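A.B. asks: This is a predicted model, with the sequence first.
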Amino acid sequence: MSTHKHKTKKEPISDRRKFLLNMARGVGLTALGGLVWSAYVDEVTASTLLLRPPGALDEENFLKTCIKCGMCVEACPYDTLLLAKPGDNKPLGTPYFTPRDVPCYMCPDIPCVPVCPSGALSEKSVTTDNKLDINKSEMGVAVIDSENCIAYWGIQCDACYRACPILGEAISIEYTKNTRTGKHSLMIPMVHSNICTGCGLCERACVTEKAAIFVLPKEVALGKAGDYYIKGWDEKSERKIRAAHIDKDVTTTTEISKRSALDSLNDMGGLLDD
Amino acid sequence: MTNFLFKHRYLFLRRLIQVSIMFLYFGANAFGWTILTGNLSSSLFLGIIPMSDPYAVLQMFGAGAIIAGDLLIGVLIVTLFYMSVGGRVFCSWVCPVNIITDLSNYLRRVLNMNQVEKKQPASRKIRYWVIGLSLIISFVLGVTAFEFVSPISMVHRGIIFGLGFGWAAILVLFLFDLFVLKNGWCGYICPLGGFYSIIGKFSLIRVNHNAQNCTACMKCKEVCPEVQVLFMIDKSSEPILSGECTNCARCIEVCDDEALNFSIRKLKK
C-alpha cells in the first residue's frame, strides 16, 4: 500500500523540461502582449481627420517621424498648435490645430517649422528660393457646405473671402444669377484647392452658427481624376498622349475588341433567341 | 531635524532636480523661457544643446523613419552622458514617474504590505522583452510603438502641455505599483528603464559597498527599488556594477554604518 502511494507522487520535472516550458511561456506571453499592444497602437494612430502644422510630412511618415517634443507648440505665437492629450482621441502627443478655435495665422517666418528636431515638419516643403514661404504650406483645404452657406442663399456675405490671407486667390467670389428673385446676383465663395493652404482663417471667420466653410485634410477632401483623363487644352497633359503613342506596335485585345466593332455591337448575346 | 535632512539628503536633492527640470520645461511653454525647451522626448538646452531620447529614436529607426541630424546629435549627447558618467540616473533623478512609483513603494513599506507578499511573482527581465517587442511592433506598424502608449510621456507632456486624461495614467501606475507588483512599473516593465539599464552598465559613478563596515541590518535592501543589484551586501566589498542600479542613493542614506558610498569606478584591466 505504502509503495503504491509513493509511486503516485509526481516526479520533479527535469531542468530541460523546465527550460522549455519557461521559453514557451515567455514566447506565448510576448505574443499575447504584442497582439494587444499592436491592436491598440493601430487603433489610436488611425485618425485621419487631423490638421497638422505647416510643412508636416504626409500622415504616415509624420507618425513615424514626430518625436512628440512639442517644440512647434511652444514656438507658435498664437497658441494655435496643441499636443494631443489622453482623452482627445487623437494620436497621442502629436501636434494638431482646430481652426474654428484658433486658426493658423500664417506667420511669414513660420516659427513652428525650423524648431522641429526630427524633420517631421519639413523646412524644405515650405521654402521657395531659399526663403521660407508659408503660402506653400498644405495643412488642408477649405470645403464649403453650399446648403448652409448663406451666400448661396442670396444673402451678401464675404466673411471668408475677406479673412483669407491669400486674398482673391485661394477663395474667389463668383457672380451668378439669383434665379429665385430674378433680379439679384448671388456672390458665392469658391475655394481653389491648389492655392488654399488650409490655415482655417475662413473657418474662424464664418458667420454661421457652425462654420459652413471648414478645413479638412487634403487627402480626405480632394478627389482624384486619375491618369486616363487627358486635358486637350493643357500642353503638359497632352504630352502624355504623345508619350503613349511611342509604343505604336502594342495593341491591347480585350474580350470585346477581339472582333470588329460592328460585329461586337450587333451581337445580342442570345438575347433574342427563344 | 538636521539628522532627518541628512538621512534624506539625496532624496531631497533628487526631488529638487526632478521638479526643477519639469518646471523649466513648463516655463518654456507657459512663459516662453528658453533655458530648457521641449520635453523629455527631445529638448533644447540653452537654445543650442540638443538632447533626445535614444530609445524613442531607436523606435523611429525601427519604424523606418529618416532620422534627422539634430536628433542624432541629441541622442549622442544623452547616450554618452548616461553611458560614461551617470548610469541609469534618468530613472531616479529626472523621470517624473519616479515620484509616483516611489510613493507607492513608500506606502507599501508604511502599511507593511511587503509582509503579505514577500516574493514578487514576476521577472525583472520583462523590460528587456518589452524593448524587443516595441521594436518589432514599430517595424510592423511603421509607428513608434512605445511612444504612443508610454505613461512616462503622458506624465511629462501632461505637466508641460496639459494633462487631459493623463491623470488616469498616473493613477494606473500608482495602483499597479501599490497593489499588483512592488516596484512593478520602474523595476519590471518600463522599457525605457531597461534601455538605460543597458547603456548605464558602463558608467563611472557607482555605489560602493564596504562589507567590513556592514552590520547586516538590511535597511538598504528594504528601500532599494532594484534589490537584486545589492546581492553582495554583507558578503563582499565591491562596487554595485549592475546597470539596473539607478544611483538613487537611498541605500547610502539609510545606511548607519558607512558601508555604502558613492565612488568612481576604477578603470583597471
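C.D. replies: Looks like it came in fine. For clarity, every value in this text was computed on a predicted model and none was experimentally measured.
A.B. asks: phi, psi of residue A:99?
C.D. replies: Dihedral angles of residue A:99 (phi, psi; degrees, to the nearest 10) stand at phi -60, psi -30.
A.B. asks: State the number of residues packed around it.
C.D. replies: When neighbours are counted by other C-beta atoms under 10 Å in any protein chain shown, residue A:99 registers 25. C-beta: built from backbone N, CA, C; applies to glycine.
A.B. asks: Quick check: residues of chain A near chain B?
C.D. replies: Contact residues (C-beta under 8 Å from any C-beta of the partner chain) of chain A with chain B: A:26, A:29-30, A:33-34, A:37-38, A:40-42, A:44-45, A:60-61, A:63-65, A:67-71, A:73-74, A:82-83, A:85-88, A:91-93, A:115, A:117-119.
A.B. asks: buried subset of those residues?
C.D. replies: Among the residues of chain A next to chain B, those classed as buried by 16 or more other C-beta atoms under 10 Å in any protein chain shown are A:30, A:33-34, A:37-38, A:41, A:44-45, A:61, A:63-65, A:67-71, A:73-74, A:82-83, A:85-86, A:88, A:91-93, A:115, A:117-119.
A.B. asks: What are the phi and psi values at the residue of chain A found nearest chain B?
C.D. replies: Closest approach between chain A and chain B, counting by C-beta to the nearest C-beta: residue A:85, at 2.7 Å. Main-chain torsions, residue A:85, degrees, to the nearest 10: phi -100, psi 160.
A.B. asks: which ones are touching it?
C.D. replies: If you count contacts by C-beta atoms under 8 Å, 6 or more residues apart in numbering or on different chains, residue A:85 has them with A:92, B:157, B:158, B:161, B:162, B:163, B:164, B:165, B:166.
A.B. asks: at 7 Å what do you get?
C.D. replies: By C-beta atoms under 7 Å, 6 or more residues apart in numbering or on different chains, the contact set of residue A:85 is B:162, B:163, B:164, B:165, B:166.
A.B. asks: May I see the PyMOL selection of the buried members of those?
C.D. replies: Selection of buried members from these for PyMOL, criterion 16+ other C-beta under 10 Å:
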select buried, chain B and resi 163+164+166
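A.B. asks: Mind picking the two most distant members of the contacts of residue A:85?
C.D. replies: Within those, B:162 and B:165 form the most distant pair, 10.7 Å apart (C-beta to C-beta).
A.B. asks: From residue A:59, how far out is the closest residue to residue A:217 other than its chain neighbours?
C.D. replies: Nearest residue to residue A:217 in three dimensions, chain neighbours excluded: residue A:140, at 5.0 Å (C-beta to C-beta, 6 or more residues apart in numbering or on different chains). Distance of residue A:140 to residue A:59, computed by C-beta to C-beta, to the nearest Å: 12 Å.
A.B. asks: repeat for residue B:24
C.D. replies: Distance from residue B:24 to residue A:59, by C-beta to C-beta: 32 Å.
A.B. asks: Got phi/psi on the closest residue to residue A:58 other than its chain neighbours?
C.D. replies: Residue nearest to residue A:58 in three dimensions, not counting chain neighbours: residue A:219, with 7.6 Å by C-beta to C-beta, 6+ apart. The phi/psi pair for residue A:219 (degrees, to the nearest 10) reads phi -70, psi -20.
A.B. asks: Run a quick neighbour tally on residue A:219.
C.D. replies: Around residue A:219 there are 12 residues (other C-beta under 10 Å).
A.B. asks: swap in residue B:45?
C.D. replies: Neighbour count for residue B:45, taken as other C-beta under 10 Å: 16.
A.B. asks: got it, and the one 4 residues further on?
C.D. replies: The tally of other residues near residue B:49 (other C-beta under 10 Å) stands at 12.
A.B. asks: show me where pLDDT drops low in the stretch 101-250 of chain A?
C.D. replies: Across the stretch 101-250 of chain A, the ranges flagged by pLDDT under 70 are A:244-250.
A.B. asks: So which residues of it form helices?
C.D. replies: For the stretch 101-250 of chain A, helices defined by DSSP state H, counting those that start in this stretch occupy the ranges A:150-153, A:159-163, A:201-205, A:218-221, A:235-245.
A.B. asks: so which of those is the most packed in?
C.D. replies: helix A:201-205 (a mean of 23; mean count of other C-beta atoms under 10 Å in any protein chain shown).
A.B. asks: List the contacts of that helix.
C.D. replies: If you take C-beta under 7 Å, 6+ apart as the criterion, helix A:201-205 is touched by A:99-100, A:103, A:142, A:159-160, A:163-165, A:171, A:211, A:213-215.
A.B. asks: out of those residues, which are inside strands?
C.D. replies: The strands, defined by DSSP state E, take in A:142, A:171, A:213, A:214, A:215 from those.
A.B. asks: Check those and tell me the two furthest apart.
C.D. replies: Taking C-beta to C-beta, no two of these sit farther apart than A:171 and A:214, at 12.9 Å.
A.B. asks: Settle it for me: which of those two has more neighbours?
C.D. replies: Higher neighbour count among residue A:171 and residue A:214: residue A:171, with 24 against 18, using other C-beta under 10 Å.
A.B. asks: tell me the pLDDT at the residue of chain B found nearest chain A?
C.D. replies: Using C-beta to the nearest C-beta, the single residue of chain B nearest to chain A is residue B:164, 2.7 Å away. pLDDT for residue B:164: 86.
A.B. asks: Against residue B:179, how distant is it?
C.D. replies: 25 Å.
A.B. asks: Also residue A:239?
C.D. replies: Applying C-beta to C-beta to residue A:239 and residue B:179 gives a distance of 70 Å.
A.B. asks: related to what we said a few turns ago, could you dump the contacts of residue A:85 to JSON lines with secondary structure?
C.D. replies: What follows is those, written out as JSON lines (DSSP: H, G, I helix; E, B strand; the rest coil):
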{"residue": "B:162", "secondary structure": "coil"}
{"residue": "B:163", "secondary structure": "coil"}
{"residue": "B:164", "secondary structure": "coil"}
{"residue": "B:165", "secondary structure": "coil"}
{"residue": "B:166", "secondary structure": "helix"}
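A.B. asks: Please dump the contacts of residue A:85 into JSON lines; it should also carry distance to residue B:142 for every row.
C.D. replies: Below are those laid out as JSON lines (distance: C-beta to C-beta, whole Å):
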{"residue": "B:162", "distance to residue B:142": "28"}
{"residue": "B:163", "distance to residue B:142": "29"}
{"residue": "B:164", "distance to residue B:142": "25"}
{"residue": "B:165", "distance to residue B:142": "26"}
{"residue": "B:166", "distance to residue B:142": "25"}
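A.B. asks: and which of the contacts of residue A:85 is nearest residue B:220?
C.D. replies: residue B:166 (33.6 Å).
A.B. asks: hang on, the closest one packs against residue B:156?
C.D. replies: No - judged on C-beta atoms under 7 Å, residue B:166 makes no contact with residue B:156 at a distance of 9.6 Å.
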